[in-house]
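Peer 1: dropping the sequence and predicted coords here.
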Amino acid sequence: MDQLALEVHASAAYLATRGHGAGLGRLWAAASAAGMALAAVELTPCAPDDEAPGCHEARPGARQ
(Lines give C-alpha, C1' and ligand atoms only; values in the text may rest on other atoms or scores of the structure.)
Protein backbone atom coordinates (compact mmCIF):
# COMPACT_ATOMS: atom_id res chain seq x y z
CA MET A 1 0.00 0.00 0.00
CA ASP A 2 1.44 3.36 -0.93
CA GLN A 3 -1.54 5.63 -0.26
CA LEU A 4 -4.15 5.98 2.42
CA ALA A 5 -7.04 8.46 2.61
CA LEU A 6 -8.47 9.44 5.97
CA GLU A 7 -11.47 11.64 6.64
CA VAL A 8 -11.27 13.01 10.16
CA HIS A 9 -14.10 14.85 11.86
CA ALA A 10 -12.55 16.80 14.70
CA SER A 11 -15.51 18.69 16.12
CA ALA A 12 -16.64 18.57 19.72
CA ALA A 13 -19.27 16.02 18.67
CA TYR A 14 -16.51 13.52 17.86
CA LEU A 15 -13.67 14.65 20.14
CA ALA A 16 -15.68 14.87 23.34
CA THR A 17 -12.77 14.30 25.73
CA ARG A 18 -9.04 14.95 25.95
CA GLY A 19 -8.61 11.20 25.47
CA HIS A 20 -10.28 11.41 22.06
CA GLY A 21 -7.88 14.18 21.06
CA ALA A 22 -4.93 12.14 22.34
CA GLY A 23 -6.14 9.17 20.28
CA LEU A 24 -6.15 11.32 17.17
CA GLY A 25 -2.59 12.33 17.95
CA ARG A 26 -1.61 8.65 18.29
CA LEU A 27 -3.17 7.99 14.87
CA TRP A 28 -0.89 10.62 13.30
CA ALA A 29 2.12 9.21 15.16
CA ALA A 30 1.36 5.64 14.02
CA ALA A 31 0.97 6.74 10.40
CA SER A 32 4.28 8.58 10.58
CA ALA A 33 6.02 5.60 12.19
CA ALA A 34 4.73 3.43 9.32
CA GLY A 35 6.48 5.75 6.87
CA MET A 36 3.39 7.63 5.72
CA ALA A 37 3.50 11.37 5.17
CA LEU A 38 0.71 13.92 5.14
CA ALA A 39 0.11 15.01 1.55
CA ALA A 40 -2.89 17.33 1.81
CA VAL A 41 -5.27 18.83 4.33
CA GLU A 42 -8.65 20.40 3.73
CA LEU A 43 -10.15 22.28 6.66
CA THR A 44 -13.84 23.04 6.41
CA PRO A 45 -16.47 23.70 9.05
CA CYS A 46 -18.93 20.94 9.82
CA ALA A 47 -22.58 21.61 9.08
CA PRO A 48 -25.13 20.54 11.70
CA ASP A 49 -26.11 17.61 9.42
CA ASP A 50 -22.47 16.50 9.35
CA GLU A 51 -22.32 16.38 13.15
CA ALA A 52 -25.64 14.57 13.58
CA PRO A 53 -25.40 10.91 14.61
CA GLY A 54 -25.98 8.26 11.99
CA CYS A 55 -25.33 7.85 8.30
CA HIS A 56 -26.24 10.72 5.94
CA GLU A 57 -27.46 8.36 3.25
CA ALA A 58 -29.84 6.68 5.67
CA ARG A 59 -31.56 9.91 6.79
CA PRO A 60 -34.67 11.12 4.97
CA GLY A 61 -33.92 14.23 2.90
CA ALA A 62 -30.16 13.68 3.22
CA ARG A 63 -27.82 15.48 0.85
CA GLN A 64 -26.47 13.31 -1.94
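Peer 2: Thanks, I have the structure now. Numbering: from 1, shown residues only.

Peer 1: okay, now residue 28: neighbour count?
Peer 2: 13 (other Cβ atoms under 10 Å). Glycine gets a C-beta too; all of them are placed from N, C-alpha and C.

Peer 1: residue 21: what's it in contact with?
Peer 2: Counting by Cβ atoms under 8 Å, 6 or more residues apart in numbering, residue 21 touches residue 15.

Peer 1: state the distance from it to residue 28.
Peer 2: Distance, residue 21 to residue 28, by Cβ to Cβ, to the nearest Å: 11 Å.

Peer 1: give the contact list for the residue positioned nearest the centre of the chain.
Peer 2: Most central in the chain under Cα atoms, centre = their mean is residue 8, positioned 1.1 Å from the mean C-alpha point. With contact set as Cβ under 8 Å, 6+ apart, residue 8 has these partners: residue 24.

Peer 1: and it, helix, strand or coil?
Peer 2: coil (DSSP: H, G, I helix; E, B strand; the rest coil).

Peer 1: got the confidence number for it?
Peer 2: Note on residue 8: pLDDT of 79.

Peer 1: next one: the one 4 residues further on
Peer 2: Residue 12 is assigned 71 on the pLDDT scale.

Peer 1: quick one, what contacts it?
Peer 2: Taking Cβ under 8 Å, 6+ apart as the definition, residue 12 has no contacts.

Peer 1: cool, and residue 31?
Peer 2: Residue 31 touches residue 4, counting by Cβ under 8 Å, 6+ apart.

Peer 1: tell me how far it lies from residue 40.
Peer 2: For residue 31, the distance to residue 40 - Cβ to Cβ - is 14 Å.

Peer 1: excluding chain neighbours, what is closest to residue 36?
Peer 2: Once flanking residues are discounted, residue 36 sits nearest to residue 4: 6.3 Å by Cβ to Cβ, 6 or more residues apart in numbering.

Peer 1: is it true that that neighbour touches residue 37?
Peer 2: No - if you go by Cβ atoms under 8 Å, residue 4 and residue 37 don't touch, sitting 10.5 Å apart.
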